[in-house]
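Q: Turn this into a structure:
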Amino acid sequence: MNLAYNGMFSNDECTGFGVWENEKLRYEGYFKNGKRDGEGVEIFRSDKYDMKNPPIKFVGNFKNGEREGFGVKEFKNGLKYEDNFFKGKWEGQGKLVWPKKEKFGEVNIKVFSGNFKNDKPSEGKGSLIWGPENNYNSYEGEFKNDIFNGNRKLKKNDGEEYEGNFYITDLEN
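A: A predicted model of the protein is given here:
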């Protein structure tokens, strides 16, 4: 494995601003006691990952070598997660933004905002917008076990509004 570092050292450890890279990623940012710590950018060499949708870039904060605090992680397919990280995972309030898609001459969007735990949406309040960019549907309500669950409000792009209990189970489409 090739490893390169260009930056400051203190007591034989990376300290201050530097650039570190290996075959899978390049990191530009701050180090403390030999670990990523402070603001930084990870650029992933996605062709080196054996994954269907590998990450390609992370911009944000690090603490003790892990993604920690605010950050934005982008994936090869255009998916993007923005907000809180804890020990390298999506944690707390966050926003998941799907790539814009053109359908029947309109640009379609999809954005989920809510609670995340261990890289997945978790229990709590959430919102989802989807549909044509200039005339989208919106949903606000409780989220549990990968479905909206409990009292909620749905506003469709045709102006209809619904309040009450119903389920939206498929966030992937």
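Q: Only C-alpha atoms from now on, for both contacts and neighbour counts.
A: OK.
Q: Mean pLDDT per helix and strand in the protein: which one sits at the bottom?
A: strand 147-155 (a mean of 74; mean pLDDT, DSSP states H and E).
Q: Please identify the buried residues of that one?
A: Within strand 147-155, the residues scored as buried using 16 or more other CA atoms under 10 Å are 147-149, 152-155.
Q: of all the residues you listed, which comes closest to E23?
A: Looking at the buried residues of strand 147-155 and their distance to E23, the nearest is I147, at 38.5 Å (CA to CA).
Q: Point out where the chain drops to low pLDDT.
A: Applying pLDDT under 70 to the chain flags the ranges 1, 46-51, 145-147, 166-173.
Q: Domains of it: list them as residue ranges, please.
A: According to automatic domain parsing, the chain comprises the domains 1-60, 79-173.
Q: What sits closest to E163 if chain neighbours are left out?
A: Closest residue in space to E163, ignoring its immediate chain neighbours: K153 at 4.5 Å, by CA to CA, 6 or more residues apart in numbering.
Q: how close does that neighbour get to K57?
A: Computed as CA to CA, to the nearest Å, the K153 to K57 distance reads 35 Å.
Q: Repeat that for F148.
A: With CA to CA as the criterion, F148 and K57 are 30 Å apart.
Q: what's the answer for E74, then?
A: Taking CA to CA as the measure, E74 falls 5 Å from K57.
Q: Equivalent analysis for N118, please.
A: Counting by CA to CA - N118 and K57 are separated by 19 Å.
Q: who's more crowded, the two?
A: Applying other CA atoms under 10 Å to N118 and K57 shows that K57 carries more neighbours, namely 20 against 14.
Q: got the contact list for the helix or strand hosting the more buried one?
A: Following DSSP states H and E, one finds K57 within strand 55-63. Residues outside strand 55-63 that contact it (CA atoms under 8 Å, 6 or more residues apart in numbering): 36-46, 67-76.
Q: next SSE after it?
A: Sequence order places strand 66-75 as the next helix or strand after strand 55-63, per DSSP H and E.
Q: Just the CA atoms from whichever helix or strand comes after that following strand would do, formatted as CSV, please.
A: Moving toward the C-terminus from strand 66-75, the next helix or strand (DSSP H and E) is strand 80-86. Below are the C-alpha coordinates for strand 80-86, written out as CSV (Å, rounded to 0.1, in the frame of the first residue of the first chain):
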residue,chain,number,x,y,z
LYS,A,80,-25.8,13.5,-0.8
TYR,A,81,-26.1,13.6,3.0
GLU,A,82,-25.7,16.9,4.8
ASP,A,83,-25.5,17.7,8.5
ASN,A,84,-24.3,15.8,11.6
PHE,A,85,-21.8,13.0,11.9
PHE,A,86,-20.8,11.1,15.0
